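# please work out how this folds:
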Amino acid sequence: MKIAVVGGGASGIIAAISAARKGADVTILERCDRIGRKILATGNGRCNYTNINASIKNYHGKNIDFIKAAAKKFWVSDTISFFKEIGMLTKVEDNGKAYPYSLQASAVLDVLRFELQNLQINIKTNFEVKTIEKKDSRFLIGSYSCEQEYADKVILSTGGKASPALGSNGSGYEIAKKLGLRITDLFPALVQIKTETNFVKALKGIKIDAKVTAAADNLSETSIGEVLFCDYGLSGPAVFNVSRFCAVNKNVKIKLDLLPEIDYNNLHKILIKRKSKNISLENYFIGMLNKKIGIVLMKYANVLPLTRRSDTLDFDEITRLCIAIKAFTLNVTGTMSWNNAQVTAGGIITDQIDPESFECKKIKGFYITGELLDIDGDCGGFNLQWAWSSGYIAGLHCASENNNA
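Sure, this is the predicted structure:
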């Protein structure tokens, strides 16, 4: 049986390996000059390739239950075992993030490439797929350079629209549309958030651990972790995790709790106790917060001038400062572009796909994996886990003649 895997990213590579292990003749068709470019950029070049805490709550989409079947068949422990089998050891760090022991993303790609070679999987690079047609019981795959490939089955694993410089240009959605599949609206996710800049510009480059809440109407989403202030708004893992909410909702406000470990009442007491005739408002927060953040909070709460002695703070001003620390609020003006995004929110509607095999229900022998589907995960290895799970299962079923893998 000849199988064509369209796309040489994480889900495509593991799909090819899974299918070849079942005895299929597999060819990867990759539009770039090499496979796995996005893997190399993951986790700041260290590649947090999965997360030991991964569960359904870490994923988003119109039908999250779609994940359940995959989670039973090939999930985190299976992924770690798979990589151990092909020669890579795992190191687990904060928040359950799993990395190659060498902390090099290249190690992940290298062991995958070695396994592709061991299985004699054919890789055709610079093959940008334009059309996929089913002719009788086979598929005809045409490229923009007029090359053609035939296959008995096809796995579409082209990735989404995020980070086009690394190979994902959204072409898979156009292929799916031509085949009659329905697709949701698409938005950049795990991306920096643009906000009003009156206060954030002065904080550019400062990092802080904070509780981040994005709210619109009666909806909200919260994340805790590192926040990076930028001249255009906010970045950092905690911000990435609410960026999807900011992309799909209107009139969103971001609320930062800059001291999430201290509740409001205790904070109020602490601020009262800190008042001193020897400390000006400019230096009032030193020892609690970055000095620049402290100055911005004074301006945000309209507690001025900065040259005042802090023992002149009255109850109302202390209250305003507490609110500023626990609910530093900014209006969201948008998100950064696809060029900055790590993943695509939205995708091919999953009710068209068999969750047990990832086969398209109305096109037998045609499978879809990874980011193309209307499933996206939080920051921290969850999206790669989805790539491994969907790709492995699709390859396994695709290579099974009776599809009872």
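# in stretch 59-69, what's buried?
Buried positions in stretch 59-69, judged by neighbour count with 16 or more other Cβ atoms under 10 Å: 59-61, 66-67. Placement of C-beta: from N, CA and C, glycine included.
# nearest to Gly346, of the residues you listed?
Gly61 (7.9 Å; Cβ to Cβ).
# what about that closest one, distance to Ser243?
Shown here: Gly61 relative to Ser243, a distance of 15 Å by Cβ to Cβ, to the nearest Å.
# do the same with Lys269
Distance from Lys269 to Ser243, counting by Cβ to Cβ: 35 Å.
# please say which of the two ends up with more neighbours.
The neighbour count for Lys269 versus Ser243, taken as other Cβ atoms under 10 Å, is higher for Ser243 (31 against 13).
# sec struct for the residue nearest to that one when sequence neighbours are not counted, please.
Among residues not flanking Ser243 along the chain, Val191 sits closest, at 4.8 Å (Cβ to Cβ, 6 or more residues apart in numbering). With DSSP: H, G, I helix; E, B strand; the rest coil as the basis, Val191 sits in coil.
# all further residue positions should be reported with the first residue as 680.
All set: I'll call the first residue 680, so the last point we hit is now Val870.
# where do the helices sit along the stretch 730-879 of the chain?
Remark: helices assigned in the stretch 730-879 of the chain by DSSP state H, counting those that start in this stretch are 746-752, 755-764, 784-797, 850-857.
# now those in CSV, with mean pLDDT and distance to Ala894?
Shown next, in CSV, are those (pLDDT from 0 to 100; distance: least, Cβ to Cβ, whole Å):
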stretch, mean pLDDT, distance to Ala894
helix 746-752, 97, 26
helix 755-764, 98, 31
helix 784-797, 98, 35
helix 850-857, 97, 30
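# wait, which of the ones you listed is closest to Thr863?
Proximity to Thr863 (Cβ to Cβ) singles out helix 850-857 among those, at 10.0 Å.
# export only the CA atoms of stretch 1027-1047, formatted as CSV.
The C-alpha trace of stretch 1027-1047 is given here as CSV (Å, rounded to 0.1, in the frame of the first residue of the first chain):
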residue,chain,number,x,y,z
ILE,A,1027,-11.4,21.9,10.0
ILE,A,1028,-14.6,21.1,11.9
THR,A,1029,-14.1,17.9,13.7
ASP,A,1030,-17.6,16.4,13.2
GLN,A,1031,-16.3,15.5,9.6
ILE,A,1032,-13.5,13.4,11.0
ASP,A,1033,-13.6,10.0,12.7
PRO,A,1034,-12.0,10.6,16.2
GLU,A,1035,-10.8,6.9,16.4
SER,A,1036,-8.8,7.1,13.2
PHE,A,1037,-8.7,10.7,11.9
GLU,A,1038,-10.1,9.5,8.6
CYS,A,1039,-12.4,11.9,6.8
LYS,A,1040,-15.9,10.5,7.0
LYS,A,1041,-17.0,11.3,3.5
ILE,A,1042,-13.6,10.7,1.8
LYS,A,1043,-12.4,7.2,2.5
GLY,A,1044,-8.6,6.8,2.7
PHE,A,1045,-8.1,10.5,3.4
TYR,A,1046,-6.9,11.5,6.9
ILE,A,1047,-6.3,14.8,8.6
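# would you mark the buried spots in it?
In terms of neighbour count (16+ other Cβ under 10 Å), stretch 1027-1047 has its buried residues at 1027-1029, 1031-1034, 1036-1039, 1042, 1044-1047.
# now the closest residue to Gly691 other than its chain neighbours: phi and psi?
Nearest non-adjacent residue to Gly691, counting by Cβ to Cβ, 6+ apart: Ser836, 3.4 Å away. Here is the backbone geometry of Ser836 (degrees, to the nearest 10): phi -140, psi 50.
# check Asn928 too.
Residue torsions, per degrees, to the nearest 10, at Asn928 are phi -120, psi 160.
# before we move on, what about the one 5 residues further on?
Comment: the main-chain dihedrals of Ile933 come out as phi -100, psi 130, following degrees, to the nearest 10.
# can you tell me which residues contact the residue of the chain most remote from its centre?
Ranked by distance from the centre of the chain (Cα atoms, centre = their mean), the top residue is Lys956, with 48.7 Å. Shown in contact with Lys956 (Cβ atoms under 8 Å, 6 or more residues apart in numbering): 988-990.
# picking up where we left off before, the helices of the stretch 730-879 of the chain: which one's closest to Phe964?
The minimum distance between Phe964 and these falls on helix 784-797, with 38.4 Å, by Cβ to Cβ.
# now the angle from that closest one to helix 755-764?
70 degrees (axes from the mean of the first three to the mean of the last three Cα atoms, to 10 degrees).
# so for the residue nearest to Ile731 when sequence neighbours are not counted, what's the pLDDT?
Excluding the flanking residues, the one nearest Ile731 by Cβ to Cβ, 6+ apart is Gly775, at 4.3 Å. On pLDDT, Gly775 comes in at 96.
# and for the residue nearest to Gly691, the neighbour number?
Ser836 has 33 neighbouring residues, counting by other Cβ under 10 Å.
# all strands of the stretch 830-979 of the chain, in order?
Taking DSSP state E, counting those that start in this stretch to define them, one finds strands in the stretch 830-979 of the chain at 832-835, 866-868, 872-874, 886-895, 898-908, 912-914, 932-936.
# which of those sits most buried?
Mean neighbour counts were compared across the strands of the stretch 830-979 of the chain using mean count of other Cβ atoms under 10 Å; the top stretch is strand 832-835, at a mean of 29.
# partner strands of that one and their direction?
Pairing partners of strand 832-835, with direction, according to DSSP bridges: strand 681-685 (parallel), strand 1045-1047 (parallel).
# picking that back up, against Gly691, how distant is the residue farthest from the centre of the chain?
In terms of Cβ to Cβ, Lys956 sits 67 Å off from Gly691.
# before we move on, what about Glu772?
From Glu772 to Gly691 the distance is 27 Å (Cβ to Cβ).
# more neighbours, the two?
Legend: neighbour count by other Cβ under 10 Å for Glu772 and Gly691, higher for Gly691 (28 against 11).
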